[in-house]
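Novice: here is a sequence together with a model predicted from it:
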Amino acid sequence: MDNGMFHAGQRELQDRFDTRRLADRIEDVLVKDTISAHDKSFIEGRDMFFLATVDPDGMPTCSYKGGDPGFVRVLDNRTLAFPNYDGNGMYLSMGNALSHANVGMLFIDFEKQNRTRVDGVARVDLDDPLVETWPEAQFVVRVEARRVYPNCPRYIHKYELVERSRFVPRPVERPTPVPDWKRSDWACDFLAADDPARG
């Protein structure tokens, strides 16, 4: 009986391609349930990550989350936190996290071609005291890490940052711009009552 990281489907493919020994070695040596100082530096240095969630029926979705470097914070060696900013109002990922807390996070450095995965359990907190520390955050998501591990970087395409999004809320004395799509005919009459695009 296999009680480790891998389920039967993964084992089937590992056996088919003779990688079970390698997979077990990676689990033994590289996969941990805590966030190291190196992991913390890498995660907090990123300005984006991909978030995977599943709904109650098991249907997955993956979303991009962006901000300024440091918008994801490592609070301790088991916990990280990030803000939820205004989006399209569907709350697909965040609603999934409320209903089914298991999440996967993928952090990529496209310039140095490196990446780290964090699998964990999310808690969406509408009253988290940290919410005030991120400008315009709607609420905070805390993730308890269950698995932290590097991921093979060889297929990461090398990119260089041209500019950061002007829509990221920042602690400066300027309003965050309204995206054009919120002024579109199909959207403008359906925005939340307090949406700045209504002004």
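Specialist: It's in.
Novice: right, and Glu136 touches Thr176 too?
Specialist: Yes. Glu136 lies in contact with Thr176 (Cβ atoms under 8 Å); the separation is 6.2 Å. For every residue, glycine as well, the C-beta is placed using N, CA and C.
Novice: okay, and the common contacts of these two?
Specialist: Pro169 (Cβ atoms under 8 Å, 6 or more residues apart in numbering).
Novice: low-confidence ranges in the protein?
Specialist: Filtered on pLDDT under 70, the chain yields the residue ranges 1-3, 199.
Novice: show me the helices in it, by range?
Specialist: For the chain, helices defined by DSSP state H occupy the ranges 8-16, 20-29, 37-44, 92-99.
Novice: quick check: which of the ones you listed is nearest to Val162?
Specialist: Among the helices of the chain, helix 37-44 comes nearest to Val162, with 21.7 Å by Cβ to Cβ.
Novice: identify all contacting residues around the closest one.
Specialist: 35, 69-70, 72-74, 80, 107, 109, 114, 116, 118, 148.
Novice: ChimeraX command to pick out the buried ones of the residues you listed?
Specialist: To isolate the buried subset of those in ChimeraX, counting by 16 or more other Cβ atoms under 10 Å, use the following:
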select :35,72,73,74,80,107,109,116,118,148
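Novice: Throw the contacts of helix 37-44 into JSON lines and include distance to Ile26, thanks.
Specialist: Shown next, in JSON lines, are the contacts of helix 37-44 (distance: Cβ to Cβ, whole Å):
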{"residue": "Ile35", "distance to Ile26": "18"}
{"residue": "Pro69", "distance to Ile26": "28"}
{"residue": "Gly70", "distance to Ile26": "29"}
{"residue": "Val72", "distance to Ile26": "24"}
{"residue": "Arg73", "distance to Ile26": "27"}
{"residue": "Val74", "distance to Ile26": "23"}
{"residue": "Leu80", "distance to Ile26": "22"}
{"residue": "Phe107", "distance to Ile26": "18"}
{"residue": "Asp109", "distance to Ile26": "20"}
{"residue": "Asn114", "distance to Ile26": "16"}
{"residue": "Thr116", "distance to Ile26": "14"}
{"residue": "Val118", "distance to Ile26": "16"}
{"residue": "Val148", "distance to Ile26": "13"}
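Novice: can you tell me which of the contacts of helix 37-44 is nearest Gly4?
Specialist: Val148 (15.8 Å).
Novice: residues contacting that closest one?
Specialist: With contacts defined as Cβ under 8 Å, 6+ apart, Val148 is in contact with 31-36, 39, 116-119.
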